[in-house]
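Engineer: Provided below for reference: sequence and predicted model.
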Amino acid sequence: MSTTSPKIFYTFTDEAPALATYSLLPIVQAYTKSAGVAVETKDISLSGRILANFSEFLSDNQKISDALAELGQLAKKPEANIVKLPNISASIPQLKGAIKELQEKGFAIPDYPDEPKSDKEKSIKDTYDKIKGSAVNPVLREGNSDRRAPKAVKAYAQKHPHKMGAWSADSKSHVDSMSEGDFYSSEKSLTMENETTVDVVLVSRGNETILKSGLKLLEGEVIDCSKMSIKALVDFLAQAKADAKPKGVLFSIHLKATMMKVSDPIIFGHAVKVFFAPVFEKHADTFNALGVNPNNGFGDVLAKIQNLPSEKRAEIEKDIELCYEQGPDLAMVNSDKGITNLHVPSDVIIDASMPAMIRTSGQMWNGEGNSQDTKAIIPDRSYAGVYQATIDFCKENGALDPATMGSVPNVGLMAQKAEEYGSHDKTFEIPASGTVEVRDASGEVLISHEVEAGDIWRMCQTKDAPIKDWVKLAVTRARLSETPAVFWLDENRAHDAELIKKVNIYLPEHDTDGLEIHIMSPIDATRFSLERIVKGQDTISVTGNVLRDYLTDLFPILEVGTSAKMLSIVPLMNGGGLFETGAGGSAPKHVQQFVSEGHLRWDSLGEFLALAVSLEHLGRMYSNEEAMLLSKTLDAATSVWLEENRSPARVVGKLDNRGSHFYLAKYWAEKLADQNENALLKEKFQAIANSLSQNEEKILTELNGAQGSPQDIGGYFKPEEKLASKAMRPSETFNEIIASLV
Ligand SMILES: NC(=O)C1=CN([C@@H]2O[C@H](COP(=O)(O)OP(=O)(O)OC[C@H]3O[C@@H](n4cnc5c(N)ncnc54)[C@H](OP(=O)(O)O)[C@@H]3O)[C@@H](O)[C@H]2O)C=CC1
Ligand SMILES: O=C(O)CCC(=O)C(=O)O
Ligand SMILES: [Mg+2]
């Protein structure tokens with residue numbers, strides 16, 4: 001039993017989950033207080049992280065502490081108990097949007113220097129670059145991941161299946177990937193025999209440039225290095241564009257520019273340049289003078305040409321129009337507003353976008369607002385085959401049926417910045433042709449690649465202890481759920497081949513008697529899992545970090561309609577618990593809807609599930625019976641909530657996020673009133689349950705009555721607490737009942 005006081009840290013993040021927090025957290029805090037459990041917020045929002053990192057630019061009353069760093073430290077301690085909501089992993093346009101809003105609010109933080117000129121600007125850019133992209137998750141994820149649909153969620157989805165677009169064999173939708181020159185074809189990997197320190201050096205025409213120096217590697221650590229040939233990429237993109245037009249399919253690029261924050265924006269930028277090639281060629285000088293950066297999306301071009309004299313602007317706009325006319329149709333993010341797939345690198349993120357496409361018969365939206373077959377461009381082949389295999393399966397067998405299909409839970413390797421999460425500071429856009437060498441302390445070259453100017457070279461690292469822990473977690477999950485487990489590892493990929501060696505060493509350290517455990521390539525594993533899924537059978541996917549990300553959106557979206565309904569546990573390697581809410585992101589579209597019509601369709605089911613496991617973890621750790629009881633009753637309440645279909649509706653005028661929280665509070669109070677383990681809590685919550693029940697109609701009228709008109713929350717990246725709280729807690733009756741608990 002721990003001696004520290006029981007506390008749950010609840011992260012305050014961004015966009016829809018942050019809005020939902022204004023409504024849900026006061027309820028949660030009031031309920032848990034009864035059990036002596038404090039729930040404290042930690043601001044890890046994009047705006048919070050910016051302010052924490054630029055303290056020296058702020059007045060004393062504007063300064064805030066670095067909550068992410070604090071939580072990162074905590075995650076390494078046994079007492080860690082963190083409920084983590086999705087946060088923005090910011091692309092440059094998102095980062096700049098947040099900076100602008102904060103500046104307008106009177107925070108004198110610096111602009112993002114696109115092309116830093118002085119040392120001071122370089123240091124500002126470095127700090128911002130640490131805030132951008134996946135800057136939160138790798139810090140908190142000091143453990144591997146266990147994501148699955150809880151039984152109640154799966155049962156509900158089978159009883160009330162969501163809509164699934166039909167598939168036919170003549171669908172023209174497909175995945176298009178490079179056939180050479182990608183990361184997949186160039187990967188080299190090694191396991192360190194001893195602890196060592198390496199440098200990454202570019203040797204070019206006799207000159208040496210240190211790209212990274214003094215990188216410490218542990219014994220048993222796996223490194224992998226690969227490059228993307230830009231020449232091959234550009235040829236491929238041009239070919240894909242030429243192929244899409246006669247096939248009549250949408251041109252759509254699917255990347256992870258947020259998580260792969262160095263490599264993927266560059267790849268995205270090439271796609272922008274290839275699609276709008278005539279414009280970039282003809283107006284190269286103007287774009288240079290304007291400082292256009294295609295890596296930030298075509299939106300950057302459109303924004304920057306606004307500053308041109310009207311005649312020049314009109315000429316460029318005409319050339320852009322011509323590109324649209326002559327090129328293939330582009331997949332749209334918002335056809336009403338003319339926002340295309342190429343506008344912003346973070347609008348289409350592969351983990352969410354590919355499953356959404358597969359759920360919709362392989363189609364995406366075109367410029368007319370109609371759905372159309374799509375060429376999904378995923379340049380690198382490392383994982384693209386998983387989507388093609390799924391599409392092939394749907395073409396052969398028709399759409400999957402959520403009413404009968406099985407499940408694919410995931411055990412994912414991600415602890416201690418494993419794999420791609422550790423690549424950010426070791427990914428480079430190569431400035432000159434030559435050789436990139438990884439040299440150990442003795443100067444021996446461990447890995448080398450021939451490169452050309454513009455190529456992307458990257459190195460990932462994976463420590464041994466997380467791999468061991470991952471194998472153990474896979475066996476534990478297979479045993480507990482009596483489900484076959486498949487390691488999705490491709491023996492033909494250098495990195496995976498190293499991992500297979502380790503899996504073969506670590507698996508025998510566990511009791512695997514009677515368990516069905518396989519190692520298969522991602523494509524074979526997809527097929528294997530899908531063949532089982534249609535028979536209603538479950539198969540655990542045991543994967544690396546990227547597939548963890550992809551599969552925990554893919555299967556949940558197909559199985560239960562959204563990854564928001566996933567239980568997402570990270571057993572921290574030092575004994576603590578990180579409980580993530582759902583497996584999706586922060587749903588920017590939901591905020592737009594809330595601000596324009598006062599309806600928030602964010603589903604907080606992920607938060608309910610995470611909170612229940614967090615309370616259970618705390619209860620066990622501190623032998624706190626009340627916390628255990630709160631956990632048990634919250635789970636029971638969540639089941640009723642699902643059964644009674646209290647998820648937020650998608651459309652204005654019907655139950656939204658706030659109303660859905662009312663029902664959770666009601667059912668939770670009823671379950672606490674029903675139990676006989678703790679008389680004090682029983683009595684306390686009997687009164688609450690009665691008040692909530694008697695006032696149900698009044699509260700719902702107050703909550704739903706607040707819908708239908710635009711909402712002012714005083715900001716996007718940093719809403720004003722008072723306004724946001726007022727908007728998210730519009731029922732005085734409900735607020736008073738909750739306040740009576742505190
Ligand atoms: N763990 C994390 O912190 C993660 C963060 N992100 C970040 O989130 C942002 C948005 O990413 P994006 O790729 O658009 O993915 P999102 O998961 O935010 O959104 C995709 C769609 O999924 C549905 N959805 C997701 N969560 C919920 C929920 N709780 N309730 C109801 N519907 C939900 C919504 O569909 P509909 O609109 O049809 O209702 C939404 O538009 C980015 O900044 C990204 O970096 C992304 C993934 C994970
Ligand atoms: O870390 C990120 O940026 C995204 C994480 C994500 O999408 C996930 O964990 O599913
Ligand atoms: Mg994801």
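Structural biologist: That came in fine, so what should we check first? Ligands and ions are numbered 1, 2, ... in the order given.

Engineer: so what's the residue count around the residue nearest to residue 122 when sequence neighbours are not counted?
Structural biologist: Nearest non-adjacent residue to residue 122, counting by CB to CB, 6 or more residues apart in numbering: residue 116, 4.4 Å away. Yep, even glycine has a C-beta here, placed from its N, CA and C like the rest. Residues near residue 116, counting by other CB atoms under 10 Å, number 14.

Engineer: in three-state terms, label residue 116 for me.
Structural biologist: Three states are possible here, and by DSSP: H, G, I helix; E, B strand; the rest coil the one that applies to residue 116 is coil.

Engineer: check what pLDDT it gets.
Structural biologist: Here the pLDDT value assigned to residue 116 is 95.

Engineer: would you confirm that it contacts residue 129?
Structural biologist: No. The criterion here is CB atoms under 8 Å, and residue 116 misses it with residue 129 at 10.5 Å.

Engineer: hang on, the earlier thing: for the residue nearest to residue 122, give me its contacts.
Structural biologist: The neighbourhood of residue 116, defined by CB atoms under 8 Å, 6 or more residues apart in numbering, consists of 122, 124, 125.

Engineer: residue 546 now?
Structural biologist: Contacts for residue 546 were tallied using CB under 8 Å, 6+ apart; they are 256, 259, 382, 383, 419, 420.

Engineer: including pLDDT, could those go into CSV?
Structural biologist: Putting the contacts of residue 546 into CSV (pLDDT from 0 to 100) gives the following:
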residue, pLDDT
256, 97
259, 93
382, 96
383, 97
419, 94
420, 89
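
Engineer: now, the most widely separated pair of those?
Structural biologist: When the contacts of residue 546 are compared pair by pair using CB to CB, the farthest-apart members prove to be 259 and 382, with a separation of 13.6 Å.

Engineer: check what pLDDT the residue nearest the centre of the chain gets.
Structural biologist: Centroid check for the chain by CA atoms, centre = their mean gives residue 585 as the closest residue, at 5.0 Å. Residue 585 is assigned a predicted lDDT (pLDDT) of 96.

Engineer: could you do the one 10 residues further on as well?
Structural biologist: With respect to pLDDT, residue 595 has a value of 97.

Engineer: any idea how far it is from residue 582?
Structural biologist: In this structure, residue 595 and residue 582 are 22 Å apart, going by CB to CB, to the nearest Å.

Engineer: equivalent analysis for residue 366, please.
Structural biologist: In this structure, residue 366 and residue 582 are separated by 30 Å, where distance is defined by CB to CB.

Engineer: same check, this time on residue 686
Structural biologist: 32 Å.

Engineer: tell me the secondary structure for the residue in the stretch 301-450 of the chain that ligand 2 sits nearest to?
Structural biologist: In the stretch 301-450 of the chain, no residue comes nearer to ligand 2 than residue 351, which is 5.2 Å away by CB to the nearest ligand atom. Under three-state DSSP, residue 351 falls in the helix class.

Engineer: name the nearest residue to it, ignoring sequence neighbours.
Structural biologist: Distances taken as CB to CB, 6+ apart put residue 553 closest to residue 351, at 4.2 Å, once the chain neighbours are dropped.

Engineer: and the one you found, what element?
Structural biologist: Residue 553 is part of helix 545-560, with elements assigned from DSSP states H and E.

Engineer: run the chain-centre distance for that helix.
Structural biologist: Relative to its parent chain, helix 545-560 has a centroid offset of 11 Å by CA atoms, centre = their mean, to the nearest Å.

Engineer: next structured bit after that helix?
Structural biologist: The element immediately downstream of helix 545-560 (helix or strand, assigned by DSSP H and E) is strand 567-571.
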